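A.B. asks: Let me see the structure of the following:
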Amino acid sequence: MKIFAETERLILRELLPKDAAGMFEMDGDPEVHIFLGNKPVQSIEQSKADIEFIRKQYIENGIGRWAVIEKASNSFIGWAGLKLMKETHNNHSNYYDLGYRFSKRFWEKGYATEAAAAARDYGFNELKLDEIIGIADINNLGSIHVLEKVGLKKISVFDYHGITHHWMKIEKQP
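C.D. replies: I've put the predicted structure just below:
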């Protein structure tokens, strides 16, 4: 099991098949999916498939979202990290997207900001990226706030699957 980053309260490690129950708790919750197309998963089998899809990204792209583990309880609380986006969005492709998603019972504890900062630092320090992108529904004020807290700035708005989103970016500082 590879650990990519560690913070005061969190361990960010590769997603493993054993994380399926936690993924299903998170992705089966309609409230978690309000700004994600309102399509919560319907079965643990879908969560298992999602984990395998992400694990394939580790091999193909050298990066993918990570499991976020709360140190105090050793609980799977969600995922966070970078993803290489090969498809085109907002006239950009082959960029690294900073993302996060947590089970509702772990919201409003600062975990998203903590995990996002760790992923940002990993991108700049380990992957030697020049920039990191964040995409957020313009109505998802919580996610926008997290991205801004870790240094991303709003660059533009664009249509993402029929919904207006912010295109946000942070560049590596010299």
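A.B. asks: Low-confidence regions, the chain specifically.
C.D. replies: In the predicted model, the chain carries no residue with pLDDT under 70.
A.B. asks: can you pull out the helices in it?
C.D. replies: For the chain, the helices defined by DSSP state H cover 20-27, 44-61, 111-125, 141-149.
A.B. asks: max-length strand in this protein?
C.D. replies: Within the chain, and with DSSP state E defining each element, the longest strand by residue count is strand 75-85.
A.B. asks: Tell me, how many residues neighbour residue 104?
C.D. replies: Residues near residue 104, counting by other CB atoms under 10 Å, number 13. The C-beta positions use only the backbone N, C-alpha and C, and glycine is treated the same way.
A.B. asks: Please list all residues in contact with it.
C.D. replies: Listed by CB atoms under 8 Å, 6 or more residues apart in numbering, the contact set of residue 104 reads 26, 29, 31, 32.
A.B. asks: Against which helices or strands is the longest strand of the chain packed?
C.D. replies: strand 10-14, helix 20-27, helix 44-61, strand 66-70, strand 95-102, helix 111-125 (3 or more CB pairs under 8 Å, 6 or more residues apart in numbering; DSSP states H and E).
A.B. asks: Now with 6 Å, please.
C.D. replies: In terms of contacts (3 or more CB pairs under 6 Å, 6 or more residues apart in numbering; DSSP states H and E), strand 75-85 is packed against strand 66-70, strand 95-102, helix 111-125.
A.B. asks: Which two of the contacts of residue 104 have the greatest separation?
C.D. replies: Using CB to CB, the contacts of residue 104 span at most 10.3 Å, a distance reached by 26 and 31.
A.B. asks: Show me the contacts of residue 104 that map onto strands.
C.D. replies: Among the contacts of residue 104, none falls in strands (DSSP E).
A.B. asks: and the residues you listed as JSON lines, adding distance to residue 47?
C.D. replies: Formatted as JSON lines, the contacts of residue 104 follow (distance: CB to CB, whole Å):
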{"residue": "26", "distance to residue 47": "8"}
{"residue": "29", "distance to residue 47": "12"}
{"residue": "31", "distance to residue 47": "17"}
{"residue": "32", "distance to residue 47": "12"}
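A.B. asks: Who wins on neighbours among these?
C.D. replies: Highest neighbour count within the contacts of residue 104, by other CB under 10 Å: residue 26, with 24 neighbours.
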